[in-house]
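Novice: below is the sequence, then the predicted model.
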Amino acid sequence: MKLYIKYMVSNRCKMMVKDELRKLGLHFIIVDLGVVDIMETISSETRQQLKAGLLESGLELMDDKRAIMIEKIKNVIVELVHHNEEPLKITFSDYLSEKLNQNYTSLANLFSEVQGTTIEQFLILHKVERIKELIIYDELSITEIAWKMNYSSVAHLSTQFKKVSGLTPSHFKKLKDKRRSPIEEVGN
């Protein structure tokens with residue numbers, strides 16, 4: 001039986017879900033971002049207990065088909081941007097359509113209608129957050145980050161980064177060093 005869980009975006013979330021399933025004596029086949037496949041068919045009482053346990057961890061068991069599809073779209077984006085090491089070899093719209101076995105236009109229309117923003121804007125926000133993370137790690141050059149994040153050029157990355165954050169990547173990198181100053185030097 002498949003269950004869909006909202007806000008499940010990290011390995012830590014997966015561990016919390018596994019713990020909740022174990023508490024209820026449920027056996028899982030797969031626990032992945034946003035989806036759990038369990039061996040049992042659960043009663044409405046067990047479902048309510050699971051729902052309550054997940055809520056305590058900031059997660060939400062979903063029932064609505066539209067909400068489930070939105071969460072699947074978000075999870076594909078999170079997985080791609082934050083956990084995938086290889087750049088895409090196809091367009092993002094084709095990638096999303098293949099992953100969810102749905103027409104991109106219908107996915108995009110549903111997402112916009114429910115979320116009030118586009119899939120592309122959601123993707124860009126996640127890419128900028130990931131770029132910030134990679135800049136802070138200071139292991140890759142901006143050129144390497146642009147390649148890793150599937151940008152056609154450093155200029156394209158920089159333009160998008162500045163539009164979202166208000167800063168250029170190089171300015172953000174300089175700020176990062178200031179943020180890591182010792183507390184006694186803050187404000188001096």
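Specialist: Looks like it came in fine. None of the values given here were measured: they were computed from a predicted structure.
Novice: where do the strands of this protein begin and end?
Specialist: Residue ranges of the strands in the chain, as given by DSSP state E, are 2-6, 28-32, 35-38, 60-62.
Novice: which stretch among the ones you listed comes nearest residue 129?
Specialist: strand 2-6 (19.1 Å; Cβ to Cβ). Just so you know, the C-beta spots here come from the backbone N, C-alpha and C atoms, and that holds for glycine as well.
Novice: before we move on, back to that, would you turn the strands of the chain into TSV with mean neighbour count and mean pLDDT?
Specialist: Shown next, in TSV, are the strands of the chain (neighbours: other Cβ atoms under 10 Å; pLDDT from 0 to 100):
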stretch	mean neighbour count	mean pLDDT
strand 2-6	20	92
strand 28-32	14	93
strand 35-38	18	93
strand 60-62	18	92
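Novice: how about the ones you listed in CSV, adding distance to residue 138?
Specialist: Output for the strands of the chain, formatted as CSV (distance: least, Cβ to Cβ, whole Å):
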stretch, distance to residue 138
strand 2-6, 34
strand 28-32, 31
strand 35-38, 35
strand 60-62, 36
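Novice: do you know which of those strands lies nearest residue 165?
Specialist: Between residue 165 and these, the shortest separation by Cβ to Cβ is 26.6 Å, and it involves strand 2-6.
Novice: between the strands of the chain, which gets nearest to residue 174?
Specialist: The nearest among the strands of the chain, by Cβ to Cβ, is strand 2-6 at 37.2 Å.
Novice: other SSEs contacting that closest one?
Specialist: strand 35-38, strand 60-62, helix 65-78 (3 or more Cβ pairs under 8 Å, 6 or more residues apart in numbering; DSSP states H and E).
Novice: and the ones you listed as JSON lines, adding distance to residue 116?
Specialist: Output for those, formatted as JSON lines (distance: least, Cβ to Cβ, whole Å):
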{"stretch": "strand 35-38", "distance to residue 116": "24"}
{"stretch": "strand 60-62", "distance to residue 116": "19"}
{"stretch": "helix 65-78", "distance to residue 116": "11"}
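Novice: circling back: and the strands of the chain: which comes nearest residue 100?
Specialist: Across the strands of the chain, the minimum distance to residue 100, taken as Cβ to Cβ, is reached by strand 35-38, at 11.6 Å.
Novice: other residues contacting the closest one?
Specialist: 1-5, 17, 21, 26-31, 72, 75 (Cβ atoms under 8 Å, 6 or more residues apart in numbering).
Novice: out of the helices and strands packed on strand 2-6, nearest to residue 131?
Specialist: Ranking the helices and strands packed on strand 2-6 by their distance to residue 131 (criterion: Cβ to Cβ) puts helix 65-78 first, at 14.5 Å.
Novice: give me the distance between the nearest residue to residue 98 once chain neighbours are set aside and residue 146.
Specialist: Once flanking residues are discounted, residue 98 sits nearest to residue 90: 7.8 Å by Cβ to Cβ, 6 or more residues apart in numbering. Noted for residue 90: a distance of 18 Å to residue 146, by Cβ to Cβ, to the nearest Å.
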